[in-house]
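Engineer: from the sequence below, what's the structure:
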Amino acid sequence: MEDWAEIRRLNRSEHMGVKAIARRLGLARNTVRSALAADTPPKYSRAPQGSRVDEFEPAIRRLLTQFPAMPASVIAERIGWEHSASVLRARVALLRPLFSPPDPADRTTYTAGEIVQCDLWFPGDVVPVAPKVLASPPVLTMVAAYSGFIMALLLPSRQAGDLVAGMWQLLAGLGGVPKMLVWDNEPGIGQHRRLTLSARSFAGTLGTRIYQAAPRDPETKGVIERANGFFETSFMPGRTFTGPSDYNTQLAAWLPRANARMLRRTGQRPGVLVEADVAAMGALPPVAPTVGASSRVRLARDYYVRVDANDYSVDPTMIGRFVDVHAGLGEVVVTCAGTQVAAHARSWSTHQTITDPAHVVMAGELRTAFQARTTAMRGPAPAPGTAVGQRALSHYDEVFNLPVAPCPVAAPTLQVVR
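Structural biologist: Next up is the predicted model:
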């Protein structure tokens, strides 16, 4: 190639003839003539020698005609291929598009303020929720599709109340409500295109729509799937946590740096482009939606209520009355007729008993008062050794109308001594 370029330069720039060029470069004159006649550099090529798989190609084509998705390993078994698997896979990869219909995927474009994609991501058993207990609570991730702005929050559970509370906290921090929230078939949001009551109430209060993607359709929310992978590769490595609050603290400190990176899809930084996203969104509702999990139960004698497999103590003076239990992301509050009767920090572990010492003291006082009242109703106890009653056993037969058999022996009497 170097000789070809030099031959053409000498001929065109210095107007040298074939013989002069041949003497200058030490080449044959026919070589110089060929170089001047060729418009492209010379290259070596040889005729293809064929491949072992050529004789099997008709059989491969017949199988692909009937079964376009048949794996190459199965094809090798059917045609009796005993040679290199990579050679057969390469030929099958060339032939398969001829028999399988194409499935094109269009480029998706997003409008500002239109869509926020939502998902749950699990970091692994790295979050301490109790002494010597590590758990993997769900991380709620939300990404504004137009700007690529990432929001995330660690949640106690994947139940509907916690999901709705997490969405409200992140959207309130964003400062706007998108036209649509895109989810997969998360049970806490809904299944089979039927939203849960909490999800419907949340969407109605915010004036937005919750759309659930079809099963096995990751392309619908590819933006959030890439964000989850970004968490795994950029946030988690090398980090340790002391608890859920520490996890959320580190996550909140890292997200601004993540949103300051240049996004290849948009060519801009999400932290800057999000301003246009929020400006096109709807306003937050004037009244905050009801979030969290709520229930009403009658307080039993053990004065505890159960929330997410944990037991929380309640003022024992409410025993026998209906109490309202509300579990938020960080606190469990119990009220009775609008009056707060218990408040506890929510436990992220399971099978835990959370007790307020004041409730134990109050229960002891109520128990002592109940026992004293019961004793007063029974009257004073008889002195030790006092005969408290004598009655013939035959009297019980008379009470229950039982036949009395004649007995020469006097009927025994029952005597109770205290």
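
Engineer: surely residue 128 is within a strand?
Structural biologist: Yes: under DSSP: H, G, I helix; E, B strand; the rest coil, residue 128 sits within a strand.

Engineer: bridged to it, which residues?
Structural biologist: Here residue 128 sits in beta bridges with residue 134, as judged by DSSP bridges.

Engineer: ok, it - contacts?
Structural biologist: 134-135, 241-243 (C-beta atoms under 8 Å, 6 or more residues apart in numbering). For the C-beta atoms, the positions are set from N, CA and C on the backbone; glycine is no exception.

Engineer: may I ask which two of the residues you listed are separated the most?
Structural biologist: By the measure C-beta to C-beta, 135 and 242 form the most distant pair in these, at 13.4 Å.

Engineer: who's in contact with stretch 347-355?
Structural biologist: Counting by C-beta under 8 Å, 6+ apart, 127, 129-130, 133, 135, 137, 156, 243-244, 304, 308-313, 332, 344-345 sit against stretch 347-355.

Engineer: list the ones among those that fall in helices.
Structural biologist: residue 244 (DSSP state H).

Engineer: using the three-state scheme, assign residue 253.
Structural biologist: helix.

Engineer: so where is the stretch 301-418 of the chain shaky, pLDDT-wise?
Structural biologist: 379, 381-383, 385-390, 404-418 (pLDDT under 70).

Engineer: ranges for the strands of it?
Structural biologist: 304-307, 310-313, 322-327, 331-336, 339-345, 353-354, 387-392, 413-417 (DSSP state E, counting those that start in this stretch).

Engineer: which strands or helices does the helix or strand where residue 74 lies pack on?
Structural biologist: Assigned by DSSP states H and E, residue 74 belongs to helix 72-79. When contacts are defined as 3 or more C-beta pairs under 8 Å, 6 or more residues apart in numbering; DSSP states H and E, helix 72-79 packs onto helix 57-66, helix 85-95.

Engineer: try 6 Å
Structural biologist: helix 85-95 (3 or more C-beta pairs under 6 Å, 6 or more residues apart in numbering; DSSP states H and E).

Engineer: ranges for the helices of the stretch 151-300 of the chain?
Structural biologist: According to DSSP state H, counting those that start in this stretch, the stretch 151-300 of the chain carries its helices in the segments 160-174, 197-206, 222-230, 244-258, 270-279.

Engineer: CA atoms of the shortest one as CSV?
Structural biologist: What it means is helix 222-230. What follows is helix 222-230, C-alpha atoms only, in CSV (Å, rounded to 0.1, in the frame of the first residue of the first chain):
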residue,chain,number,x,y,z
GLY,A,222,-36.3,0.9,30.7
VAL,A,223,-35.3,4.3,32.2
ILE,A,224,-35.9,3.0,35.8
GLU,A,225,-34.3,-0.3,35.1
ARG,A,226,-31.0,1.4,34.1
ALA,A,227,-31.2,3.5,37.2
ASN,A,228,-31.4,0.4,39.3
GLY,A,229,-28.3,-0.9,37.7
PHE,A,230,-26.6,2.4,38.4
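
Engineer: buried residues, that helix. List them.
Structural biologist: 223-225, 227-228 (16 or more other C-beta atoms under 10 Å).

Engineer: show residues contacting that helix.
Structural biologist: 117, 119, 121, 141, 143, 145, 150, 218 (C-beta atoms under 6 Å, 6 or more residues apart in numbering).

Engineer: if we can go back for a sec, let's have the strands of the stretch 301-418 of the chain in CSV, adding mean neighbour count.
Structural biologist: Below are those laid out as CSV (neighbours: other C-beta atoms under 10 Å):
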stretch, mean neighbour count
strand 304-307, 18
strand 310-313, 21
strand 322-327, 19
strand 331-336, 18
strand 339-345, 15
strand 353-354, 13
strand 387-392, 10
strand 413-417, 11
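
Engineer: out of those, nearest to residue 98?
Structural biologist: Using C-beta to C-beta, the nearest of these to residue 98 is strand 322-327, at 58.4 Å.

Engineer: for that closest one, what is the distance to the chain centroid?
Structural biologist: 27 Å (C-alpha atoms, centre = their mean, to the nearest Å).

Engineer: who does it touch, helix- and strand-wise?
Structural biologist: For strand 322-327, the packing partners by 3+ C-beta pairs under 6 Å, 6+ apart are strand 293-298, strand 331-336.

Engineer: ok, that strand: who's next to it in the sheet?
Structural biologist: Here, using DSSP bridges, strand 322-327 pairs with strand 293-298 (antiparallel), strand 331-336 (antiparallel).

Engineer: turn those strands into TSV, including distance to residue 109.
Structural biologist: Formatted as TSV, the strands paired with strand 322-327 follow (distance: least, C-beta to C-beta, whole Å):
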stretch	distance to residue 109
strand 293-298	38
strand 331-336	42
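
Engineer: I'd like to know which of these lies nearest to residue 269.
Structural biologist: Nearest to residue 269, of those and by C-beta to C-beta, is strand 331-336 at 35.9 Å.

Engineer: OK, contacts around residue 323?
Structural biologist: Contacts of residue 323 by C-beta under 6 Å, 6+ apart are 299, 334, 336.

Engineer: show me what counts as buried in stretch 254-263.
Structural biologist: Neighbour-count burial for stretch 254-263, counted by 16+ other C-beta under 10 Å, picks out 254-255, 258-259.

Engineer: what's the burial count for residue 240?
Structural biologist: For residue 240, the neighbour count with other C-beta atoms under 10 Å is 9.

Engineer: what's the burial count for the closest residue to it other than its chain neighbours?
Structural biologist: Excluding the flanking residues, the one nearest residue 240 by C-beta to C-beta, 6 or more residues apart in numbering is residue 126, at 7.6 Å. By other C-beta under 10 Å, the residues close to residue 126 number 14.
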